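Trainee: Coordinates for the following, if possible.
(one chain, ligands or ions: 2)
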Amino acid sequence: MKKYDDILIGSGPAAYKMANLLAKTDRKVLVIEGFEYGGTCPNYGCEPKIFLEGAARTVLQSQQLLGRGISQPAKLDWEALMQTKLKRFDPWPGETRDIIKKSYDIEDGYASFVDNHTITVNGHQYRADHIIIATGQTPNILDIPGKEYLYTSYDLLSLKELPQRITIIGAGFVGLELATLVAAAGAEVTIVVHSDRVLREFTKAEDEVLVNAMKQRGIKFSFNTDTQKVSQRKDGLLVITNHGEVQADYVLDATGRHPNIEKLALENTDIEYDRHGINVDDHLMTTVDGVYAIGDVVNRKQPKLTPVAEFEGQYLFDYLTGKTDQDIVYPTIGQAAFTFPEVARAGVNPDDVTGDSQYQVKTVSLKYGSLYAGQNDQISTLTLVFKDQQLVGASEIGDYAADDINNFLPIIGLKINGDEYRQKVMAIYPTLGDKVAGLLP
Ligand SMILES: Cc1cc2nc3c(=O)[nH]c(=O)nc-3n(C[C@H](O)[C@H](O)[C@H](O)COP(=O)(O)OP(=O)(O)OC[C@H]3O[C@@H](n4cnc5c(N)ncnc54)[C@H](O)[C@@H]3O)c2cc1C
Ligand SMILES: NC(=O)c1ccc[n+]([C@@H]2O[C@H](COP(=O)([O-])OP(=O)(O)OC[C@H]3O[C@@H](n4cnc5c(N)ncnc54)[C@H](O)[C@@H]3O)[C@@H](O)[C@H]2O)c1
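Mentor: Numbers count the residues shown, from 1 in each chain. Ligands and ions are numbered 1, 2, ... in the order given. As a prediction, this is how the structure comes out:
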């Protein structure tokens, strides 16, 4: 049996970050990947999503300016856009594999545990001082009759022809971002939501504004609706719910993601886990000595995002190479849904402190500024949360909410007060950054 210093299971952002850092050491490393090297984010997640969103945003902004200097709004050619996307992204897994292979041994296949400290893949068995599980998450598929007709974000992000009628089940990040995209390209979109609201990570008021904006563009929502069955008809698919039927040519299951643990055969080990992921301590070690977990597969309260996965990769490298013996402490994490308008936030959620006199909440409409008026952005609204004069939370709905909220992250994370900020920072004018100084007490 071959022995390594470190075995990385998975090659997504969490493992890739660690692999890059380990490449600067003389440790013997094995990387095991069962699917596309690079994992979700670059191949079938954030990166292709934001690439496609570029064209969608141009279309939506030009529509927003119709009659205000724009006479002919842009039109999205899905097939042409997808060709450019495939040309850019198709080589990535192969290129990532080549990069990893330059420094390490690799195995193309799904790893599973034989016992607490032994891994098997492709009939080979391996042991290591440290085994790092970085297997991420995978989309849920509803267990309903007709589930064979359900597609996932993986499929949609490579769809060569745009179906005319698309039904999306679920209104979280994936459901709303992909609805924005395909609707901008001209598809008729219906979103079936099993609860009474969307997203939930943001404020209720922001969620409502987003839903109204999407409805105004013709996207239909069916709230408090359970999908019971999908069946095939001569003229397409029929999505059967407890509140009637929806005709569709394509049905996207966007009902969430679950940790990739089935293939790991954790039942052969003492590693504890549940449906949210693998349990780890404050050093990211599982319940088995020497076995660690990082990235989306971890059971934790922080959101499952690429920067969080990379942060854990960096922390574990520092911990295992003796650079730190401290517990992991997560920074202030920014989060956004790349819908149109965008919603973004960091720190304390204003909804969580409603009525709590320790906090002061300030809401500012941004539409009067020339920057936003120039886009005919009637929606942009910023909400700031203060405690003892210190900014502790920021959230925004608007065309550029994600970038706008990035302005507030250092102020919240580094606990900078208004005077310190104004003394040390002069932002570019006219941008939201320039408004920050005036918004801080
Ligand atoms: C559509 C979509 C859009 C997203 N957009 C954003 C965004 O805008 N911003 C953001 O921050 N995050 C976004 N995310 C989330 C982001 O992609 C993940 O947080 C990130 O990829 C997690 O990295 P990871 O390394 O933990 O897991 P992954 O990237 O999922 O990588 C895990 C890898 O492990 C492999 N694997 C699984 N089981 C095994 C096994 N047994 N043996 C070997 N290999 C195995 C998988 O094949 C995969 O390649 C998005 C996700 C999706 C689906
Ligand atoms: N912009 C971003 O940063 C971004 C984008 C996409 C994904 N992500 C990451 O991926 C994670 C997963 O995103 P997601 O959209 O897949 O999940 P999600 O948890 O955000 O949304 C799932 C949706 O499905 C619904 N749902 C759950 N079970 C259902 C059922 N049985 N029937 C009908 N509806 C059901 C939920 O109510 C929710 O609306 C996110 O939490 C985030 O961490 C991030």
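
Trainee: can we go C-alpha only for contacts and neighbour counts from here?
Mentor: OK.

Trainee: quick one: the residue of the stretch 101-250 of the chain found nearest ligand 2 and residue 178, what's the gap?
Mentor: Distances between the stretch 101-250 of the chain and ligand 2 by CA to the nearest ligand atom are smallest at residue 172, namely 3.2 Å. Separation of residue 172 from residue 178 (CA to CA, to the nearest Å) stands at 10 Å.

Trainee: Which one's more surrounded, these two?
Mentor: When neighbours are counted by other CA atoms under 10 Å, residue 172 and residue 178 differ, and residue 178 comes out ahead with 23 against 18.

Trainee: for the residue of the stretch 101-250 of the chain closest to ligand 2, what are its contacts?
Mentor: Taking CA atoms under 8 Å, 6 or more residues apart in numbering, we find residue 172 in contact with 198-200, 254-256.

Trainee: Lowest-confidence member of these, which is it?
Mentor: By pLDDT, residue 200 ranks lowest within the contacts of residue 172, coming in at 92.

Trainee: since we're on residue 385, how many residues are nearby?
Mentor: Using other CA under 10 Å, residue 385 is surrounded by 21 other residues.

Trainee: Return the residues in contact with it.
Mentor: Counting by CA under 8 Å, 6+ apart, residue 385 makes contact with 348-350, 359-362, 391-394.

Trainee: Can you flag which of the residues you listed belong to strands?
Mentor: Mapping the contacts of residue 385 onto strands (DSSP state E) picks out 359-362, 391-394.

Trainee: and which of those is nearest to residue 96?
Mentor: residue 394 (36.1 Å; CA to CA).

Trainee: how close does the closest residue to residue 281 other than its chain neighbours get to residue 293?
Mentor: Leaving aside its sequence neighbours, residue 281 sits nearest to residue 287 (CA to CA, 6 or more residues apart in numbering; 7.9 Å). Look at residue 287 and residue 293: by CA to CA, they are 10 Å apart.

Trainee: shared neighbours, those two?
Mentor: Residues within reach of residue 287 and of residue 293 at once, by CA under 8 Å, 6+ apart, are residue 280.

Trainee: Neighbour count for the two, which is higher?
Mentor: Remark: of residue 287 and residue 293, residue 293 carries more neighbours, 30 against 18, as counted by other CA under 10 Å.

Trainee: how about the helix or strand where residue 107 lies against ligand 1, any contact?
Mentor: Per DSSP states H and E: residue 107 is located in strand 105-108. No: judged by CA under 6 Å from any ligand atom, strand 105-108 stays clear of ligand 1, getting no closer than 7.7 Å.

Trainee: Name the nearest residue to the residue positioned nearest the centre of the chain, ignoring sequence neighbours.
Mentor: Nearest residue to the geometric centre of the chain (CA atoms, centre = their mean): residue 305, 5.1 Å. Leaving aside its chain neighbours, residue 305 sits nearest to residue 296 (7.2 Å; criterion: CA to CA, 6+ apart).

Trainee: Next up, phi/psi of the residue lying closest to residue 367 once chain neighbours are set aside, please.
Mentor: Using CA to CA, 6+ apart and skipping residues adjacent in sequence, the residue nearest residue 367 is residue 378, 5.3 Å away. Torsion angles at residue 378 (phi, psi; degrees, to the nearest 10) stand at phi -90, psi 0.

Trainee: What distance do you get for residue 378 to residue 365?
Mentor: Where residue 365 is concerned, residue 378 sits at a distance of 9 Å (CA to CA).

Trainee: Near the residue nearest to residue 305, how many residues? Count them for me, please.
Mentor: Residues within reach of residue 296, counting by other CA under 10 Å, total 30.

Trainee: wait, it sits on residue 309?
Mentor: Yes: using CA atoms under 8 Å, residue 296 makes contact with residue 309 at a distance of 6.5 Å.

Trainee: for ligand 1, what are the nearby residues on this structure?
Mentor: When proximity is defined by CA under 6 Å from any ligand atom, the chain lies next to ligand 1 at 9-15, 32-41, 45-46, 109-112, 134-137, 153, 174, 260, 263-264, 295-297, 304-307, 309.

Trainee: From the residues you listed, which land in strands?
Mentor: Per DSSP E, the residues of the chain next to ligand 1 map to strands at 9, 32-33, 112, 137.
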